Structures are given as structure tokens and as C-alpha cells.
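[1] what follows is a predicted protein model with its sequence.
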Amino acid sequence: MVAVADTTLALLGASRWRKITKPVLMPVLAAENRPAGPAATLGLLGSWAGDVALLRGGDRAFLTGLGSFLAAHVAYTGAFAARGGRPRARLVVPVAVTTAATAAVIGRKAGPLRRPVQVYALAIGTMGATATTVRGPGAGRIVAGAAAFMASDSLLALGRFVLPKRWARVTDAGVMASYTLAQWLIHDGLRRYDANAPQ
């Protein structure tokens, strides 16, 4: 419900109200779907810090948000790796190609933020690739969540560095819709995996 409200407010450009809705997204998710272990908890904490940072404008806030989400992706990568098996080339290769293409295209548009953006793209690509190594109950949701997270961040980068300002509300709404879906899928997938894991 909060996710729908925040996405709607983003579409309407209601930045004042989003100072209330956006910071509570991850705490509400944690209350409804308890994080599956320390790494998943750190992923939520990093995401929450990124949400708060990106409520402000400017490069400094953007870099703070980027660093917070970078930490979240490292944590999620660890959570997936702990549950993962051997990589499958047919799944990992498309993620790697997409990551490289996104980093190249967005990097050219990011100006002085090029290097941080490319490092971030590598981190989220690694997270996405690691998600594909998970097998068993919940694995499909984990992979779908990682893919939605990659789509959300790609849309955010397009909105900031490529698309005209008139598209800002639409891209913001798209970012939040895919981002909140991603978080729910990842945490629900991890919970399902752990609930069915051999003891």
C-alpha cells in the first residue's frame, strides 16, 4: 500500500509528501517480510539509506545514494552467493552483456560521475549474475527481483543522465514501481528458500 502511494506521489511530483512515504518503504517491507539473515538485513538498511539520500537533489546526494545502494547490492550478492550453486552461462552471460552495455552508454552521459556510475553498474550486474546461481524454492522470485532492481536502476540513470526533464515524473514513478517490486521479490524469495532448505 505504501509502495503504491509513493509511486503515485512520484508520478504527481508531490515531493513534499514523498518525504514521508519514501523513508518508510523499507521498514514496512521488513515488518511484513522479515529479512532472511544478516546479509538481507544489510541490503535493506543500505537501500533505506539510499532512499533517504535521494530525497535531496544535487550530485552530492546522488553519490551518497549511489554508495548506499552499492553497499546494499554487495550485501544482496553475499546473500545470493551463500545460497547459490555453480553459475549457468546461459543466464550469467546475458546479465554480463546487459551490464557492460548499460555502463558504456550511461557512462558517456554521466560526465564527472562517470566512474562512480560505472562501478555501481558493475556491482549491480554482479548482484544480478549471482542471483541466477540460486536454485530451488524461491529462486525464481530472487532472479526476477534482481532483474527488476537492474531495470529500476537503469531507468533511474536514464532519467538523470539521458532523458529530457519533462519525463522526470514518469521515470521516477517507473523507478519506484520496479524498485519496490524488486525488494519484495528478493526478500520473499529468500524467505521461501530458507523455509525449504535442508536442515
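    Happy to help now that I have it.
[2] which residues of this protein score low on pLDDT?
    197-199 (pLDDT under 70).
[3] can you tell me the centre-most residue of it?
    Nearest residue to the geometric centre of the chain (Cα atoms, centre = their mean): Phe149, 3.7 Å.
[4] and that residue, what is it in contact with?
    By Cβ atoms under 8 Å, 6 or more residues apart in numbering, the contact list for Phe149 reads 73, 124, 127-128, 178-179, 182-183, 186. Quick note: C-beta positions are derived from backbone N, CA and C, even for glycine.
[5] as JSON lines, these with secondary structure, neighbour count and distance to Thr21 would be great.
    Shown next, in JSON lines, are the contacts of Phe149 (DSSP: H, G, I helix; E, B strand; the rest coil; neighbours: other Cβ atoms under 10 Å; distance: Cβ to Cβ, whole Å):
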{"residue": "His73", "secondary structure": "helix", "neighbour count": "25", "distance to Thr21": "23"}
{"residue": "Ile124", "secondary structure": "helix", "neighbour count": "25", "distance to Thr21": "24"}
{"residue": "Met127", "secondary structure": "helix", "neighbour count": "27", "distance to Thr21": "25"}
{"residue": "Gly128", "secondary structure": "helix", "neighbour count": "27", "distance to Thr21": "27"}
{"residue": "Ser178", "secondary structure": "helix", "neighbour count": "21", "distance to Thr21": "17"}
{"residue": "Tyr179", "secondary structure": "helix", "neighbour count": "25", "distance to Thr21": "13"}
{"residue": "Ala182", "secondary structure": "helix", "neighbour count": "22", "distance to Thr21": "17"}
{"residue": "Gln183", "secondary structure": "helix", "neighbour count": "25", "distance to Thr21": "15"}
{"residue": "Ile186", "secondary structure": "helix", "neighbour count": "32", "distance to Thr21": "20"}
